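[1] The following comprises the amino acid sequence and a computationally predicted model.
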Amino acid sequence: MSTTTVNITAAQVKELREKTGAPMLDCKQALTEAKGDLEQAVVVLRKKGVSVAAKKAARVTSEGSVASYIHAGGKIGVLVEVNCESDFVARTDDFKELVHDIAMHIAASDPKFVRKEDVTKADFDREKEIYLAQAIATGKPAHIAEKMVAGKMEKFYEEVCLLDQPFIKDQTISIGQLIATKIGTLGENITVRRFARFKVGDAGETIAITKPTSPKGE
């Protein structure tokens, strides 16, 4: 009796990850189990407790906790507020571990904003102008230069936005994907409200607050 091996592509994994918010490894495993069927893979993830985080994104997060992290030697310190829906979840070990991991990540990776939408217009315009000038300097046509800029802006977001940064303890997922996994595990919406990062001798400490949105994301 022969078995059929299904070749799962990176594009399929990416599509499922964008659809569910689940980590890449979970998506690949779900697609393999579902023999490449995207909708069935979503079902597999749900059965395994990896929820579709987008469905909970509109839920109000008014509970949570504030955590601190001091890097070895006392040279870098972080305060971060992470919110959830109930005090019950805020008291769980899973949630506390998540908040600690986020604080530790901020200390190590020095993000400037919580998410893409928080990037100021001035910062966005400055980076785009630099990347566009670099692209044009290579002699590329305008339409090609614009595509190059778009790609570099995504890289810029990965460098400065907390939710887009690769998680320091697992570079295959972003902080946003880490949170999405915890949403699936804990069953509540989870958001990073704000953080502050201080470094000894650095007058330009980072204080980031996510822009408020309505429950409908308006």
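    The structure has been received and is ready for your questions.
[2] Just give the number of residues close to residue 181.
    21 (other CB atoms under 10 Å). Heads up, the C-betas are built off the backbone N, CA and C, glycines and all.
[3] hmm, I was thinking of residue 159
    A count of nearby residues for residue 159, using other CB under 10 Å, gives 13.
[4] quick thing: my sequence starts at 49, can you match it?
    With the count now opening at 49, the last piece we talked about shows up as residue 207.
[5] and it, what is it in contact with?
    Contact partners of residue 207, counting by CB atoms under 8 Å, 6 or more residues apart in numbering, are residue 213.
[6] Tell me which helix or strand it sits in.
    Here residue 207 sits within helix 190-208, counting by DSSP states H and E.
[7] now do residue 242
    strand 239-247.
[8] Can you give the strand pairings for that strand, parallel or anti for each?
    strand 124-132 (antiparallel), strand 254-257 (antiparallel) (DSSP bridges).
[9] Check what contacts the helix or strand bottoming out on mean pLDDT in the chain and list those residues.
    Across the helices and strands of the chain, mean confidence by mean pLDDT, DSSP states H and E is lowest for helix 86-95: a mean of 80. By CB under 8 Å, 6+ apart, the list of residues contacting helix 86-95 from outside reads 60, 63-64, 67-68, 70, 74-75, 78-79, 81-82, 99-100, 232.
[10] and that helix, how far from the chain's centre?
    Distance, stretch centre to chain centre, for helix 86-95: 21 Å (CA atoms, centre = their mean, to the nearest Å).
[11] buried residues in it?
    89, 90, 92, 93 (16 or more other CB atoms under 10 Å).
[12] Closest one of those to residue 217?
    Here the nearest of the buried residues of helix 86-95 to residue 217, counting by CB to CB, is residue 93; it sits at 21.6 Å.
[13] how far away is that closest one from residue 67?
    Distance, residue 93 to residue 67, using CB to CB, to the nearest Å: 9 Å.
[14] can you redo the strands paired with strand 239-247 as TSV with mean neighbour count and mean pLDDT?
    Converted to TSV, the strands paired with strand 239-247 look like this (neighbours: other CB atoms under 10 Å; pLDDT from 0 to 100):
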stretch	mean neighbour count	mean pLDDT
strand 124-132	21	96
strand 254-257	16	85
